[in-house]
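S.K.: When you get a sec, could you give me coordinates for this:
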Amino acid sequence: MIGILVAVIVVVGIALTIALYTLLLTSLYPESIRTNEIFYVRTNDLWKLRVCRYRKGRAAGEPVLLVHGMGANQNNFTCPEHGCLVDYLCEKGYDCWTVDLRGCRSSEAPFERTRDEVQMEDFFREDIPAVIAHILKVTNYAKVHWVGHSMGGMLLYAYALHTGADDIASGTTLGSPLDFSDAAGDVPTWLLVVAEKCPGVAGNFIRGIVPIVKTLRLGSSVFPINHKNLPNAITAGHFINMLENPLPALMRQVRHWIKTREYTLLDGRLDIAERIVDHPVPLLAFFAARDPFINVERARKWFDEIKTDDKKMVVCAREHGFSEDYNHCDLAFSKEAAKEIFAPVVQWMQAYPAPMRAAIKREAERVSATTISEEKRANILSGHAYAHITDSDIVKEEAPINNNEKEQLTATFEATAEADAPDWEPTRPDAEEPLSEVEDREHTVAEGVGEAPEQLDDADPSAASVNTEQEAARVIPDTETRSDTEKTPATKKSTTRKASKKKGKAKKTAPKKSGAKKTAATKRATEKKKAAPSNALSNAAEPMRPHDEDEEGAPSPEAQERADKAREDRNTTFSELMASLSKPLERDPED
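M.R.: Take a look at the predicted model:
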C-alpha cells in the first residue's frame, strides 16, 4: 500500500514538474510576430487561420506564399531575425505571406469541430485555396509564388495536381518528399502512437527537450538538424516557438502511409506518386544530403520523370560546393542560407514572374502612358511652372485715388444711398383708390404724427372717436420710441401688416367715403417725410467736399471730426433701433 502511494506521489510530482517547466519555457520564450499586417482568413468550412504579411515599407511586390511543415508553424520562415527567408525576400522587394494552417495554436476551429479531426486533405482543399484567394484579392496579382518546407512542399504537389496551377507562378520546395516511404526506418512507430493518443504530452515533451538538444548539440529523427550548419543568432526559443502539438488524425494517416508505403489522398482518388509526372508548376526542389526523410537517389528518380522542362533539382551537400551537408530542418535557416538557398530561390522566381490581374495591368499601362516627363516634373517641383501667377497673387499697396476716380466713387455712393432710402408709405391694395379717413388716421399715427384727423361727414362721430383711440392705442406702444430714421425693412413690414389688419376692421366700423381726399395733417406729414430724409442716411450719403482733404489727399481735422460724429450718431441710432426691436409687440386681442 505504501509503495503504491509513493508511486502515485512520484508520478504526480513528475507531472507537476513538467507542467511548471512548460510554463517556464512559455514565459521565457514568448512568440514575437514582427509585422503589423496580421489577417485572419475564414475558410469555406469556417476555420479561421492566421496569415501574416511581411514586406519592406509599403512595397507592393510579387506575392510569395510560404507554407510550413508538419508539426511546425509560420515561425519556421521568420526566425532568426535578419537571417530568415522572409527577411531576405522582403529586402529583394517581394511581398511575403506566411500562414498558420489549421490545428496550429493561432487557428480557431468552428463550432463542434476540433483540431483532432484535421487531415492532410483539409490543407490543400480548404486552407490553401482560401489563403491564396485572400492574397490575390489584396495584392491585385493573378498568381503567387509558393515556397514550402517539408509538408509545405508536399501540399504544393497535391494542390497543383488536384486544383491546378492557374494561380501559381512558381514553386519552391525545401526537403519535401514525394511520400513517406523513406521515413519508415527512421521515425519510431511508438512515437507516432504517443503523438496520436496524447498530442499535448508529446508536444510539451518535444518542446521541453529543445534546450537540452540545443545545448548538447544532439541530433535524431525527432530533431533532424546539423548543428554545425545553424547560425549563431538562432536560439532554443526560436525552435520552441516553431513547434506545434501533433494532430491526432494526421498522425494516424502518417502511420498508415508508413506502414503500407502508399501515399494516397481523397480515399485513394489522388495518388501523388503516379501523377507527379504531370506536375504543372515550374518547380525548384532542394534536397538535403543528410535528410532522414528523403533518399536523394530516389528523389532524383521521380524528379526526372516530371515531364515539364521548367524544373531544377538542387542537392545541398559538400560535394556539390555547399558549406555543409544539410539536414532536413536547416534548409530553412542555415548559416550560409542567404547565398546557398535564398539567392537561388529569388533567381527562380525572377525567371517565372507573377503577373498582375489583366484589368490592373491595363490601368497601370494607361497611367504609365500619361506619365509626365522628368523635365516637366522637375519644372513643377522647382516652382518655375507657377511663375506666371506669382505677381498677380502678391497683394500690393493701393495707389492714391485721383480726382476723377474720387468723383466716380462719390456719384456711385450717392446713387446707392438714394436707392437704399426707405419708402415709408404703407402698401395699398389698389394704388388708384384714394385713402379713406380711417386709413389716413392709421398712417398718421403709425408715422408718429400727433395731429388728430378730421372726421368724415357720413361716419358716426362717436364711433369714429372710439375707433381712433383704439387704433392709436394699438400702434403707439410699438412706435412711440422709434423715429423716422430708426425704421428698417423689418419694421416697415410689421407696420404694413398691422395697418392692413386695422384697415379691414375700420372698414366695417366706418365705411369709406367715395372720392375722399387726404386731410391736411396727413398731407403735411407725407410732404415732411419726403422732403426730409433720414439724418443718418443724409450724413452717410453726404459727398466729400474738396476742402475736406489736404494737398496729400489726407482728410482734414474738420472732415475727420464730422466723420467721427456721423459714425457715433449712426451707432447710437442702431443701438436704439435694436433696443426697440427687442421689445415684444402688443398683440390685438381679436387676432
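S.K.: Next, the closest residue to residue 91 other than its chain neighbours: secondary structure please.
M.R.: Among residues not flanking residue 91 along the chain, residue 56 sits closest, at 6.4 Å (CB to CB, 6 or more residues apart in numbering). Any C-beta I mention is one placed from the backbone N, CA and C, and that applies to glycine too. The three-state label given to residue 56 by DSSP: H, G, I helix; E, B strand; the rest coil is coil.
S.K.: and residue 16, what pLDDT?
M.R.: The confidence metric pLDDT takes the value 84 at residue 16.
S.K.: Can you point out the helix or strand that includes it?
M.R.: helix 2-28 (DSSP states H and E).
S.K.: sorry, back to before: roughly how far apart are the residue nearest to residue 91 and residue 260?
M.R.: Note on residue 56: its distance to residue 260, by CB to CB, to the nearest Å, is 47 Å.
S.K.: So for these two, which sits in the more crowded spot?
M.R.: residue 56 (15 against 11; other CB atoms under 10 Å).
S.K.: Contact partners for the more buried one?
M.R.: 90, 91, 93 (CB atoms under 8 Å, 6 or more residues apart in numbering).
S.K.: Kindly indicate which of those residues lies nearest residue 47.
M.R.: Using CB to CB, residue 90 comes nearest to residue 47 of these, at 27.5 Å.
S.K.: Doesn't the closest one belong to a helix?
M.R.: Yes: remark: residue 90 belongs to a helix, assigned using three-state DSSP.
S.K.: what pLDDT does it get?
M.R.: For residue 90, pLDDT reads 96.
S.K.: what about it, neighbour count?
M.R.: 20.
S.K.: Please tell me how far it sits from residue 82.
M.R.: Taken as CB to CB, the span from residue 90 to residue 82 is 11 Å.
S.K.: Also residue 113?
M.R.: Using CB to CB, residue 113 is found at 39 Å from residue 82.
S.K.: Hmm, residue 78 is touching residue 53, no?
M.R.: No: if you go by CB atoms under 8 Å, residue 78 and residue 53 don't touch, sitting 11.7 Å apart.
S.K.: Give the residue from those two that has the larger number of neighbours.
M.R.: residue 78 (26 against 17).
S.K.: which SSE is the more buried one in?
M.R.: Using DSSP H and E, no helix or strand contains residue 78.
S.K.: Look up phi and psi at it.
M.R.: The phi and psi values for residue 78, taken as degrees, to the nearest 10, are phi -110, psi 0.
S.K.: Can you check the pLDDT for it?
M.R.: As predicted, residue 78 sits at a pLDDT of 96.
S.K.: Check the one 4 residues further on too.
M.R.: Residue 82 is assigned a pLDDT of 91 by the prediction.
S.K.: ok, how many other residues are close to the nearest residue to it once chain neighbours are set aside?
M.R.: The shortest distance from residue 82 to any non-neighbouring residue, by CB to CB, 6+ apart, is to residue 233 (7.3 Å). Neighbour count for residue 233, taken as other CB under 10 Å: 14.
S.K.: buried ones in stretch 100-118?
M.R.: 100, 101, 102, 103, 104, 106, 107, 109, 115, 118 (16 or more other CB atoms under 10 Å).
S.K.: following the helix holding residue 16, which helix or strand comes up?
M.R.: strand 37-42.
S.K.: Please could you give me each C-alpha atom of that next one, formatted as PDB?
M.R.: The C-alpha trace of strand 37-42 is given here as PDB (Å, rounded to 0.1, in the frame of the first residue of the first chain):
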ATOM      1  CA  GLU A  37      -0.200  43.300 -41.000                       C
ATOM      2  CA  ILE A  38      -1.900  40.300 -39.400                       C
ATOM      3  CA  PHE A  39      -5.000  38.800 -41.100                       C
ATOM      4  CA  TYR A  40      -7.500  36.100 -40.100                       C
ATOM      5  CA  VAL A  41      -8.800  34.300 -43.100                       C
ATOM      6  CA  ARG A  42     -12.000  32.300 -42.900                       C
END
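S.K.: got a list of contacts for it?
M.R.: Counting by CB under 8 Å, 6+ apart, 48, 49, 50, 51, 52, 53, 54, 55, 108, 130, 131, 134 sit against strand 37-42.
S.K.: Then stretch 103-113?
M.R.: 40, 45-50, 73, 100-102, 115, 118, 244-245, 247, 250.
S.K.: Drop anything exposed from these.
M.R.: By neighbour count, with 16+ other CB under 10 Å, the contacts of stretch 103-113 hold 47, 49-50, 73, 100-102, 115, 118, 244-245, 247, 250 as buried.
S.K.: In helices, which of these appear?
M.R.: Counting by DSSP state H, the part of the buried ones among the contacts of stretch 103-113 found in helices is residue 250.
S.K.: Of all pairs in the buried ones among the contacts of stretch 103-113, which one is the farthest apart?
M.R.: 50 and 250, at 18.8 Å, using CB to CB across the buried ones among the contacts of stretch 103-113.
S.K.: Got the domain ranges for the chain?
M.R.: Following automatic domain parsing, one finds the domains of the chain at 1-30, 32-360, 422-532, 534-591.
S.K.: Need the winner for burial among the ones you listed.
M.R.: domain 32-360 (a mean of 19; mean count of other CB atoms under 10 Å).
S.K.: so where do the helices sit in the stretch 51-200 of the chain?
M.R.: Counting by DSSP state H, counting those that start in this stretch, the stretch 51-200 of the chain has helices at residues 85-91, 120-122, 128-139, 151-162, 189-197, 199-208.
S.K.: How about residue 76: what's its closest non-neighbour residue?
M.R.: residue 68 (4.6 Å).
S.K.: which residues of this protein score low on pLDDT?
M.R.: Residue ranges of the chain with pLDDT under 70: 219-222, 359-372, 377, 380-410, 412-554, 582-591.
S.K.: Strands of that one, start to end?
M.R.: Shown for the chain, the strands assigned by DSSP state E span residues 37-42, 48-54, 63-67, 95-100, 144-149, 168-174, 264-265, 270-271, 283-288, 311-316.
S.K.: Out of the ones you listed, the one nearest residue 577 is which?
M.R.: strand 37-42 (66.5 Å).
S.K.: Just checking: what are the partner strands of that closest one?
M.R.: Take DSSP bridges as the rule and strand 37-42 pairs in its sheet with strand 48-54 (antiparallel).
S.K.: Contacts for the partner strand next, please.
M.R.: For strand 48-54, the external contacting residues (CB under 8 Å, 6+ apart) are 33-35, 37-43, 74, 78, 86-87, 90, 95-102, 104, 106-108, 127, 130-131, 134-135, 138.
S.K.: Please save the CA atoms from stretch 109-119 in CSV.
M.R.: C-alpha atoms of stretch 109-119 as CSV (Å, rounded to 0.1, in the frame of the first residue of the first chain):
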residue,chain,number,x,y,z
ALA,A,109,-12.0,25.8,-35.1
PRO,A,110,-15.7,26.3,-35.9
PHE,A,111,-18.5,25.2,-33.7
GLU,A,112,-18.5,21.4,-33.0
ARG,A,113,-15.1,21.0,-34.7
THR,A,114,-11.7,20.4,-33.1
ARG,A,115,-8.1,20.1,-34.2
ASP,A,116,-8.2,16.4,-33.5
GLU,A,117,-10.1,15.9,-36.8
VAL,A,118,-7.6,17.7,-39.1
GLN,A,119,-6.3,15.6,-42.0
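S.K.: ok, back up a step: out of the domains of the chain, nearest to residue 411?
M.R.: When the domains of the chain are compared by CB to CB, domain 534-591 sits nearest residue 411, at 8.3 Å.
S.K.: From residue 286, how far off is residue 295?
M.R.: According to CB to CB, residue 295 and residue 286 sit 15 Å apart.
S.K.: To clarify, my last question referred to residue 56.
M.R.: Distance from residue 56 to residue 286, by CB to CB: 25 Å.
S.K.: quick revisit: put together a markdown table for the domains of the chain, with distance to residue 411 on each row.
M.R.: A markdown table is the format used below for the domains of the chain (distance: least, CB to CB, whole Å):
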| stretch | distance to residue 411 |
| --- | --- |
| domain 1-30 | 86 |
| domain 32-360 | 65 |
| domain 422-532 | 21 |
| domain 534-591 | 8 |
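S.K.: Identify whichever of those lies nearest to residue 374.
M.R.: Distance to residue 374, taken as CB to CB, is lowest for domain 32-360 among these, at 22.5 Å.
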